[in-house]
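Peer 1: sequence unavailable; structure follows:
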C-alpha cells in the first residue's frame, strides 16, 4: 500500500475517530510535476529553525519589527525601548515608549518612523542612529565613560540606554574629550554601569519660546515638524507642530505647548529704520546690547549691537512745536531715532529728522507737538545687526538660550483629535491610525507625523467599534468588532478619506493583532454576530475562509482575542503564522499548498508550547523574527534544525487505516526519509525515528519503536518497522527529535486482511 495518506497536513476532527491527523514542525510541500497517486506528490519538510542574531540589552518581549524604506535600517521595539539595527546588526537605542509590553504598530514614510502602542503615538525622524557606543554610568548630571566600543562622544549628542531618562543630552565636556572620561548631561539621574549609545541631535538652537512660537536665532542642523524641543525650563513633550518663517533653519516655528522660555529681558514699542532701532516706550525690563530682538516683521536673528546715548545740560533747550533746539551738548552724539527724556519732556518724544547742525545749536524735528522748555535732556537709540524697515510695533528682547531639536518624540495630547492608537499604516504619505475602543480613526498631514485637529473620521457603516486597520491596494480597510468597511483617499479636507460604497462586510476581527499580509491581500481571525474564530483571507472586499474545521476546533470556546499573526516568505513558501498565547498554540498556513501545520516550540520537558516568534520582518535578505519574552531576534534558518539550540520534536500522525473494519495484519511499514543525514558527532550522529500506533482510534498508544534514519553518508538506508501486529482501525505516528534534515517523502505499508 504505497502512499496511503501518511504524508499530509494537521487535521484533527472534533472526533478523533473521524480523523486524528497531526503535522507538527513539518510543513507539507506539493510537487506539482507529479501526478496524483505517484509517490512523493506531497512531502514533509522540517519547519525552519531559529538562529540567534541579536540579543537586546534589556532582554524583554520583542514587540514589533519594521524594515524602514530603503532597507538599510530595521526598527525594533523590545520592552519600552526602540532600537535601530544597521546592516551589521549593531543595535542602538533611538527612543523609548511609555509602555513595555504588548504588540506595537510600526510604519514609516521614508522621513519619519511612526509607532503606536495602544496608549500613545511616537515618531522618530530617521537619522544616523549612533554617533558612539560605549560603557558608562550616570550620577547626577555627570556621565562617566569607562570604555568606548566605537565612535566619538561629543557635546550636543542625545544619550540613550536602559534606564536613561528621555531627552537626555550631553551638554559639556569634563575630563572626556570624545572617549573615556566624564561629561555633563542636562538631566540629573542615576544609571549603573551599562552599555550606552549617543546620537547627534536633529538641531542645536539658540532661541526663545514666547507663547506657542519658537524663535530660532541660530540653528545647527535641521528643524522639522514632529521634533521635540528640549532645554532648560521647556515644557515636557514640547514638539514642533508647524513651520513658520523657518524652514529648517533660523526663523519661527509653532510648538505644541504655550510657554515663555527663557524670560524676556525687555518689552517695548519700537520701530527700525535701516540699522537704527528706536524704542518709543519701554513696558518692562532694560534693553541690552547683545540681546536678540523679536517682533512682527523683524528679521530673524537680529541682535542689538550698540547703544547710542547723549546728554545735554547748561543752557535752556527748547522743544517748540515739534522742533528741538540744542543749547549746549556736553556728551554723546545726537542721531535720528533717539528718544528724549527730561523735565517736562512728553513721554515718548523721539527725534525724527535733522534740520541743521549736529551738536550745540543744532535743530531737529521731533514727534512732540506742544511747546515745552527743558533745562536738561538725554536720549537713546540702538544699532541692530541687520538693516531693515519695521513700522512701530510691540517688540521684546531676550538673550536666548541653547535648545535642542530631538529626533525622537512622544506626540502630545494636543496632536490630532485623540492621543492613543493601537494600529497604524501608511497610504499616500498619510499615517492612518485607529482610536481604541471607538469607531474613530485619524490621519496625519501628508509627509508629516503631525495630525491636524479635525483630520479624523468614523467607521460608521455599522455601530460596532473599530478594532484594527490595514492599508491594501491604497485602500484603508477598517476592521470592526463584527463588521468592516473600506475607505479611500478622496482628497477632501480637513479629513482626506471617504468610505467606498458597497464595501461593508459582515465580518469583523476577533484579535486586533491577527491581521497580516498574505499573498496579494491579507488574512485575519474573524468574528461576526454569529460567532468567531474563523481565519479568513480578504479577496477584494470579500473575506474568504481559509481555516479548516480542524483549526477552528482548537479555537472553540477558547480565549483568542490575544492572537498574534505575521507572515514570512522563504524558499518560495509564503506562510501565515498565528499564535494564541492563552492556548499556547501556533498554527501556520502555507498559501502555496493551502495546508495547515502546527509550528510549536519543544520545552525541556518535551512539552509543546507556542512558537517563539512574536513579530517578523525581512531585513538584509534574511527573514527575522522577534522572541515573545527574551529579547532575541532570530533568523528563520532552513539549515538549522533546532530552535536556537533547543531540540525540536517533529511529529506526523497519519490517517486512520480501516478495511471495512476487518482485521488487518501489518507486516511492514517503511517511511522514506531522506537518508544519510546523520551528523558527524553528538545527538543526531545516528538519527532515530520513533514509531508508535493506536488501535483504538487514537485514544491510547503503544510504546515507541525506534529505527535509524541513516548515518552520515548512508544514502541507501531504509527506515523499516516489521511485525506490527493486527488491528481493525490503526493510526500510525512517527516522531523524531534529532537536529537533522528530517524530510519524509512517502511511506509504504505491507498488509493483509483477515477473513473477518
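Peer 2: Perfect, thanks for sending it. None of the values given here were measured: they were computed from a predicted structure.
Peer 1: list the buried ones in stretch 331-340?
Peer 2: Neighbour-count burial for stretch 331-340, counted by 16 or more other CB atoms under 10 Å, picks out 332, 334-340. Where you see a C-beta, it was placed from the backbone N, CA and C, and this is true even at glycine.
Peer 1: show me the beta-bridge partners of the closest residue to residue 626 other than its chain neighbours.
Peer 2: Closest residue in space to residue 626, ignoring its immediate chain neighbours: residue 62 at 2.7 Å, by CB to CB, 6 or more residues apart in numbering. Under DSSP bridges, the beta-bridge partners of residue 62 are residue 78.
Peer 1: and residue 62, how many neighbours?
Peer 2: Residue neighbour count, defined by other CB atoms under 10 Å, stands at 29 for residue 62.
Peer 1: then the one 5 residues further on?
Peer 2: Residues lying near residue 67 (other CB under 10 Å) number 18.
Peer 1: ok, it touching residue 615?
Peer 2: No - at 11.8 Å, residue 67 does not count as touching residue 615 under the criterion of CB atoms under 8 Å.
Peer 1: how about residue 689, secondary structure?
Peer 2: strand (DSSP: H, G, I helix; E, B strand; the rest coil).
Peer 1: residue 405 pairs with what?
Peer 2: residue 203, residue 229.
Peer 1: how near is it to residue 218?
Peer 2: 12 Å (CB to CB, to the nearest Å).
Peer 1: what are the ranges of the helices in the stretch 401-550 of the chain?
Peer 2: Assigned by DSSP state H, counting those that start in this stretch, the stretch 401-550 of the chain shows helices spanning 549-555.
Peer 1: just give the nearest non-adjacent residue to the residue positioned nearest the centre of the chain, would you?
Peer 2: Nearest to the geometric centre of the chain sits residue 115, at 3.4 Å (CA atoms, centre = their mean). Once flanking residues are discounted, residue 115 sits nearest to residue 122: 4.4 Å by CB to CB, 6+ apart.
Peer 1: avg pLDDT for stretch 570-586?
Peer 2: Stretch 570-586 comes out with an average pLDDT of 97.
Peer 1: just give the nearest non-adjacent residue to residue 130, would you?
Peer 2: Closest residue in space to residue 130, ignoring its immediate chain neighbours: residue 92 at 4.0 Å, by CB to CB, 6+ apart.
Peer 1: what mean pLDDT does whichever strand or helix holds the one you found get?
Peer 2: Per DSSP states H and E: residue 92 is located in strand 91-96. Averaged across strand 91-96, the pLDDT comes to 97.
Peer 1: for the residue nearest to residue 130, list the residues it contacts.
Peer 2: Residues near residue 92 by CB atoms under 8 Å, 6 or more residues apart in numbering: 83-84, 129-130, 133, 160, 197, 199.
Peer 1: apply 6 Å and report the result again.
Peer 2: 84, 129-130, 197 (CB atoms under 6 Å, 6 or more residues apart in numbering).
Peer 1: can you tell me how far it sits from residue 57?
Peer 2: Between residue 92 and residue 57 the computed distance is 10 Å (CB to CB).
Peer 1: all strands of the stretch 651-756 of the chain, in order?
Peer 2: 664-673, 688-694, 705-708, 719-722, 726-727, 731-736, 744-753 (DSSP state E, counting those that start in this stretch).
Peer 1: now swap in the stretch 251-400 of the chain and tell me
Peer 2: 251-261, 266-285, 292-295, 304-320, 323-325, 331-332, 339-341, 351-356, 363-366, 372-398.
Peer 1: just checking, what packs against the third one?
Peer 2: Same thing as strand 292-295. The elements that strand 292-295 packs onto, with contact taken as 3 or more CB pairs under 6 Å, 6 or more residues apart in numbering; DSSP states H and E, are strand 372-398.
Peer 1: what pairs with the strand it packs on, parallel or antiparallel?
Peer 2: Partners of strand 372-398 in its sheet, by DSSP bridges: strand 266-285 (antiparallel), strand 292-295 (antiparallel), strand 304-320 (antiparallel), strand 339-341 (antiparallel).
Peer 1: shaky segments in this protein?
Peer 2: Along the chain, the model assigns pLDDT under 70 to residues 1-2, 313-317, 369-376, 755-756.
Peer 1: and residue 389, how many neighbours does it have?
Peer 2: 9.
Peer 1: also residue 361?
Peer 2: Neighbours of residue 361 using other CB under 10 Å come to 12.
Peer 1: what of residue 708?
Peer 2: Neighbour count for residue 708, taken as other CB under 10 Å: 16.
Peer 1: swap in residue 262?
Peer 2: 17.
Peer 1: repeat for residue 356
Peer 2: For residue 356, using other CB under 10 Å, the count is 9.
Peer 1: beta-bridge partners for it, please?
Peer 2: residue 363.
Peer 1: go ahead and confirm it touches residue 363.
Peer 2: Yes - contact status for residue 356 versus residue 363: in contact at 5.2 Å, counting by CB atoms under 6 Å.
Peer 1: hang on, the earlier thing: from residue 630, how far off is the residue nearest to residue 626?
Peer 2: 8 Å.
Peer 1: determine how far stretch 618-626 lies from the middle of the whole chain.
Peer 2: How far stretch 618-626 lies from its chain's middle: 16 Å, per CA atoms, centre = their mean, to the nearest Å.
Peer 1: list the contacts of that stretch.
Peer 2: Stretch 618-626 is contacted from outside by 62, 65, 67, 74, 87, 568, 570, 613-617, 633-636, using CB under 6 Å, 6+ apart.
Peer 1: restricted to strands, list those residues.
Peer 2: If you go by DSSP state E, the contacts of stretch 618-626 have 62, 65, 67, 74, 568, 570, 613-617, 633-636 in strands.
Peer 1: those: which two are farthest apart?
Peer 2: 62 and 570 (19.1 Å; CB to CB).
Peer 1: burial of the nearest residue to residue 437 once chain neighbours are set aside, as a residue count?
Peer 2: Distances taken as CB to CB, 6+ apart put residue 465 closest to residue 437, at 6.0 Å, once the chain neighbours are dropped. Neighbourhood size, residue 465 [other CB under 10 Å]: 17.
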